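Provided below are the primary sequence and the corresponding predicted coordinates.
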Amino acid sequence: MAELSYRYAVAEGLAREMRRDPAVVVLGEDVAAAGGVWKTTQGLLDEFGPERVWDTPISEQAIVGAAIGAAMTGLRPIAEIMYADFLGVCWDQIANQAAKLRYMTAGQLTVPLVIRTIHGGGVAKGAQHSQSPENWALAVPGLRVACPSTPADVVGLLAGAVRADDPVVVFEHKGLLGSKGEVPDDEHVLELGRAAVRRRGTDLTIVALSATVRLALEAAAELEGQDVSAEVIDLRTLVPLDAGCVLESFKRTSRLLIVEENPRQGGWGAQIAALVAEEAFWYLDAPITRVAGESVPLPAARGLENAVLPSADQVTETALKLART
Amino acid sequence: MAELSYRYAVAEGLAREMRRDPAVVVLGEDVAAAGGVWKTTQGLLDEFGPERVWDTPISEQAIVGAAIGAAMTGLRPIAEIMYADFLGVCWDQIANQAAKLRYMTAGQLTVPLVIRTIHGGGVAKGAQHSQSPENWALAVPGLRVACPSTPADVVGLLAGAVRADDPVVVFEHKGLLGSKGEVPDDEHVLELGRAAVRRRGTDLTIVALSATVRLALEAAAELEGQDVSAEVIDLRTLVPLDAGCVLESFKRTSRLLIVEENPRQGGWGAQIAALVAEEAFWYLDAPITRVAGESVPLPAARGLENAVLPSADQVTETALKLART
Amino acid sequence: MTAGNGTVQWLHDRYADMRRIRRFEDITYTLFRRGTLDGTAHMAAGQEAVAVGARAALGADDYVFSTYRCHHHVIAAGAPMDRCFAELLQRRTGLCGGKGGSMHLTSVEHGVMGSYAIVGSQLPIACGAAWSAHIRGTGGVAVAFFGDGATNIGAFHEALNLAAVWRLPAVFVCENNLYAEFTAIATSINVEHPAYDRAPAYGMPAAIVDGNDVEAVHEAVATAVGRARDGDGPTLLEAKTYRRYGHSRIDPADYRPDEEEETWFARDPLTVTRRRLDELGVEASRVDETDERVGREVDEALETAMQAPEPEVGDAFADVYAEGGAGWRS
Amino acid sequence: MTAGNGTVQWLHDRYADMRRIRRFEDITYTLFRRGTLDGTAHMAAGQEAVAVGARAALGADDYVFSTYRCHHHVIAAGAPMDRCFAELLQRRTGLCGGKGGSMHLTSVEHGVMGSYAIVGSQLPIACGAAWSAHIRGTGGVAVAFFGDGATNIGAFHEALNLAAVWRLPAVFVCENNLYAEFTAIATSINVEHPAYDRAPAYGMPAAIVDGNDVEAVHEAVATAVGRARDGDGPTLLEAKTYRRYGHSRIDPADYRPDEEEETWFARDPLTVTRRRLDELGVEASRVDETDERVGREVDEALETAMQAPEPEVGDAFADVYAEGGAGWRS
Ligand SMILES: Cc1ncc(C[n+]2csc(CCOP(=O)(O)OP(=O)(O)O)c2C)c(N)n1
Ligand SMILES: Cc1ncc(C[n+]2csc(CCOP(=O)(O)OP(=O)(O)O)c2C)c(N)n1
Ligand SMILES: [Mg+2]
Ligand SMILES: [Mg+2]
């Protein structure tokens, strides 16, 4: 076990897969010579050379399209889209092509493709560089969606994504790049679709994802002091959704709090709430509660950004209220 | 009152707004000389001439972008995107530009823009011509989303959309084009954000949208024969969401069934379920139930398409079960 | 002597290939008129020489990418016609099990890596196949077909630039049939040739070719494929052609001037090739025999397709994901 | 005599405009280094002549569209510098109330219709403003600025084609500073000039202009604007220039060869104009006075901005929708 930063875990995770499988290639803007604007592809060009790590023009449709074409013909490309907001310029390739090709061709084509991108706010960069568009992807059958919250999960989910035969969109989180954690030295592969229970608890279940896992854990620690025992689930992947894990936990606690960074309207938390309200209704002891980002584009000024993003305090307060309902 | 087809109501609704306000212009592929591939812009070129009705190259980014630029400088453009699936190729312009410009500029820019497109399955055209991407839009603060289910609503919501100062995406439904209904002869404007109660009932609330309203009404008629009284709400717009109407109805019936055409995963129905499970929890007498499309891309073969789209029978059965829970 | 592999037989075979497609498309149109066909269909009648000429220049390691107007490409590639019909007819034996439909005919076995119904979307994907062929060193070339109207969409620009910059083994073949749906391409561009005139923007070699002359198409594509295989990068070809039918289904193409139709129909690829065979001394009766033979083949294929079963409901839930199913939750 | 309106004073004024921007950008960089600035910033130092020369050719009915590298454009347009600083500093008095930030400086009052941070996205939008000016008959022209790297994205292609086909009163100005982030544009295209060499694909008149020579830029833009106003359609200009700083924040631009930097820095637009003023007989001391005067202005603007209040929480919920608020449910 070595302690790695989330940022470095990305580069490490990519390198491990590239070492293992020569079919894995990387492409994107400034991913090669520059090592990525986030430095998450640092070292790959040096180690694997220019036939495996490709800088591209600013052409996101071409990046994703090229990755799709390569994936259907024997490679396992990993495409980087620099900011998740830019999925907007290549959304056709992702939602209409990658996601549907296998189905439309009755399995003749498979697209073992990974699209890495970075989402989330907290960097004061404003509305076009801070979104959480995993919710667009959630509504598209055929895509898999992973959102690692720890360095170990970065490595594990990247490995799982690269080895999956489906198109997987991996959302790294800007706010987590500097965070650190232990990463297994040996092969570490996480199957997509397995949530992690980050903390055991009995009074309520908090479901979180990516950067909100930290908020949930901070809140849970705080809640302990107030005699509330919160279970914290890190979904890890939105698709496949580990419904079993959520339902199992919820049936024990009968109280559900969902913490999501994206705007409340149309957020993935609604899907979790709907799932529980439909399938575990008889276990419910209190309203299903969501702490979510406000339904606004993200403002640039940090004070405003903080005001619209969920905070640990908000989670604590909401959880307390919920536990006492 | 005249009886119009849904298809003709679109052309009529557009013409009425163009007559009223010379700032209203129309652009899109084959909308002028050809009257639209759906014939929903038929007659506009003849009546308003080539300075108000513009055919474009196959360039959806340019279509939406041009509409945005025109909207911020004094026109009220109505852009047609031929199929809602093609929102994928211009999603950046819609989700990142149109939706956010007002906010990012603190109100300096307004974008009174209408994007008309057509969604939905039931036409055996396969996965790239049948989607319901209103769920992508639902997750983007700054957009308004309207989905008319009747000819009168087509006219009323188009008028409401054109007069709104925000970007509005109007989803017409392929399956409804041939349906008919009375349309007021005089000015008919529907404010965005007002659902319609299509049928009064006491035992359960069915929330539907666009083509599923018909399914809900058919089911409600059937249910009556079985002594179940269903209230049917046509949401009409997803944003603004008429939460008040849904909550009010639900608080009377205490049972909620949501009928949506799109795949269940990430569908708007989850947002409705989440809303009720959070804000009207204490009124719930039974699980919140969703009848939704299956989570697959739409297959071309009609038999398969029918198998994955919701049906009136499915609504009836589910409602019966729910009413008896 | 002809172009191609230099024999009269070669040309006669290509004629048969084109005739096969024509028959397929004529039947498709008729089925549509009769209401037997559901959904949509974009007939490629009139454009057969592009598909057939190009295909004859390709080998087993090459890839073809097509559009919603794809019937000619899959048939030219050798996909069984009964399975093509079956796909249009929404049968279980269809190339895509009825799940793709007319716009998405695909036969990976025959190198057809999908038909794409969002205009231009296949161009970046074709780049990827070419890129992959390069990396894996297979010597394969990716050929992407697209319409004149597709040259105005962003994906075209990005794909052509990437292919040029990466020197990919790709050939881009524009089937310029003068119209994008109901709109003359001339009104959507400010240059004369929608594809050819754009090539310099990518520093890409380009040529205009008579798309109704199967020999000319074959020669141009063979040259481009050779260049690609030699590592000399992509080529952009613009094949001038014309469709016999409207854009799709039963569109009568009223927007086309009569004179224009007459001129083009007189230069129908089948007519052109028949004339050429005649010049080469092939007797008309032999060509008639070909017509008949091919006609029977196609009719039998239709018959087979018509007998085929419909898809089973379970098929709708298969192949969303590679594991085989539609499992979005675990 | 100079280009522009033909007086030495005109050139001296342009020099002052450029100096103002330079000072603004130097301070911005310093604030960044010191950690006073949050978020990001893309300094336009080195590219002042493009913004200033172009602006001088525009009138009150014209529109400017910019990118995340926008400071020079808003300042050249006459937006109050304290409000520009305030936006960078996330103050309530910022041009966008702190909600836009460094990449989205906008001053509709001064004709700057937004700065767009998704590469290329402003180009279709600029078409729309030009289209609207045409329809409304205002005589206005839309000018869109963009980088060399933006010429490879789909939106560029669609916008330029639309502008050409619709003969829009638009001017497209590529600020070719040789790099897109850390990548030399030469490696991302297969032509020599990323913008100029693409113009023929749209049948659009184009020119290359020395982007470090404010008179040359002014002349080229004035010609293009005149053509647009006369109803003769759009023009594509490629201004060759260079940035003094890295791509953004404190990027040291290590990827640029020393020699290249030296050559370009020697041709800094301020140096070039100073030399020209000298040739025209303006005493160095007068130019120094301008430097000082402008320096004070900028410093005062910074001072004002630093005193300004932060946004109030309620601002975050304002202006999502035209009604003023953030009401997604009713
Ligand atoms: C992105 C996108 N926009 C619009 C359409 C609708 N559409 C289908 S075919 C077509 C015309 C295409 O013309 P062209 O490229 O010339 O090909 P052709 O049909 O002539 O073979 C259009 C506009 C589409 N499928 N995709
Ligand atoms: C669609 C998109 N892709 C990538 C980026 C990230 N990005 C921001 S600036 C930039 C480089 C742009 O280069 P250029 O157009 O030359 O402009 P310059 O920065 O040199 O002014 C990139 C790749 C983006 N903002 N939008
Ligand atoms: Mg065409
Ligand atoms: Mg640049």
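Ah, there it is. Ligands and ions are numbered 1, 2, ... in the order given.

going forward, measure contacts and count neighbours with C-alpha atoms only.
OK.

pretty sure C:S115 contacts C:G101?
No - between C:S115 and C:G101 there is no contact under Cα atoms under 8 Å: 10.2 Å.

the more surrounded of those two?
C:G101 (34 against 30; other Cα atoms under 10 Å in any protein chain shown).

near chain D, which residues of the stretch 201-330 of chain C are found?
C:201-204 (Cα under 8 Å from any Cα of the partner chain).

can we see that at 6 Å?
Residues of the stretch 201-330 of chain C lying near chain D by Cα under 6 Å from any Cα of the partner chain: C:201-203.

what about the strands in the stretch 101-250 of chain C?
Along the stretch 101-250 of chain C, counting by DSSP state E, counting those that start in this stretch, strands occupy C:112-116, C:142-147, C:170-176, C:179-180, C:183-184, C:206-210, C:235-240.

same thing with chain A?
A:2-5, A:24-28, A:53-55, A:76-81, A:114-119, A:144-146, A:168-173, A:180-183, A:196-199, A:204-208, A:230-234, A:237-239, A:256-263, A:289-293 (DSSP state E).

I'd like those as TSV, with distance to A:V154, mean pLDDT and mean neighbour count appended.
What follows is the strands of chain A, written out as TSV (distance: least, Cα to Cα, whole Å; pLDDT from 0 to 100; neighbours: other Cα atoms under 10 Å in any protein chain shown):
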stretch	distance to A:V154	mean pLDDT	mean neighbour count
strand A:2-5	10	96	16
strand A:24-28	16	99	25
strand A:53-55	20	98	22
strand A:76-81	14	98	27
strand A:114-119	11	98	25
strand A:144-146	9	98	27
strand A:168-173	8	98	27
strand A:180-183	9	98	18
strand A:196-199	13	98	17
strand A:204-208	16	98	29
strand A:230-234	13	98	27
strand A:237-239	12	98	28
strand A:256-263	19	98	28
strand A:289-293	23	98	24
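
count the residues that sit near residue 313.
Here I'm looking at chain A. A:D313: 14 neighbours (other Cα under 10 Å).

oops, wrong one, chain C.
14.

contacting residues for it?
The contact partners of C:V313, by Cα atoms under 6 Å, 6 or more residues apart in numbering or on different chains, come to B:L304.

pLDDT score for C:G6?
At C:G6, the model reports a pLDDT of 73.

checking it next. Helix, strand or coil?
Per DSSP: H, G, I helix; E, B strand; the rest coil, the local secondary structure of C:G6 is coil.

from ligand 3, how far off is it?
31 Å (Cα to the ion, to the nearest Å).

and that residue, how many residues sit next to it?
For C:G6, the number of neighbouring residues by other Cα under 10 Å comes to 11.

and if you look at A:E51?
12.

now C:I189
Look at C:I189: counted by other Cα under 10 Å, it has 23 neighbours.

and the gap between the residue nearest to it when sequence neighbours are not counted and ligand 3?
Leaving aside its sequence neighbours, C:I189 sits nearest to D:V165 (Cα to Cα, 6 or more residues apart in numbering or on different chains; 5.7 Å). The gap separating D:V165 from ligand 3 is 17 Å, by Cα to the ion.

the strands of chain A: which one's closest to B:V155?
Taking Cα to Cα, strand A:256-263 is the member of those nearest to B:V155, at 30.9 Å.

stretch C:68-79 close to chain A?
No - Stretch C:68-79 stays clear of chain A (Cα under 6 Å from any Cα), getting no nearer than 12.5 Å.

ok, is that stretch in contact with ligand 3 or not?
No - figure legend: stretch C:68-79 not in contact with ligand 3 (Cα under 5 Å from the ion); closest approach 9.7 Å.

state the mean pLDDT of that stretch.
Mean pLDDT, stretch C:68-79: 98.

distance from it to the middle of the chain?
Relative to its chain's centre, stretch C:68-79 lies at 5 Å (Cα atoms, centre = their mean, to the nearest Å).

got a list of what the most centrally placed residue in chain C touches?
In chain C, the centroid-proximal residue (Cα atoms, centre = their mean) is C:H73; its distance is 3.4 Å. For C:H73, the contact set (Cα under 6 Å, 6+ apart) comprises C:A51.

now with 8 Å?
Neighbouring residues of C:H73 by Cα atoms under 8 Å, 6 or more residues apart in numbering or on different chains: C:51-52, C:55, C:66, C:112.

mind telling me what element it is part of?
helix C:71-77 (DSSP states H and E).

hmm, that helix in reach of ligand 1?
No - under the criterion of Cα under 6 Å from any ligand atom, ligand 1 is not reached by helix C:71-77; the shortest gap measures 11.2 Å.

before we move on, back to that, ok, the residue nearest to the centre of chain C to chain D distance?
As for C:H73, its distance to chain D is 27 Å (criterion: Cα to the nearest Cα, to the nearest Å).
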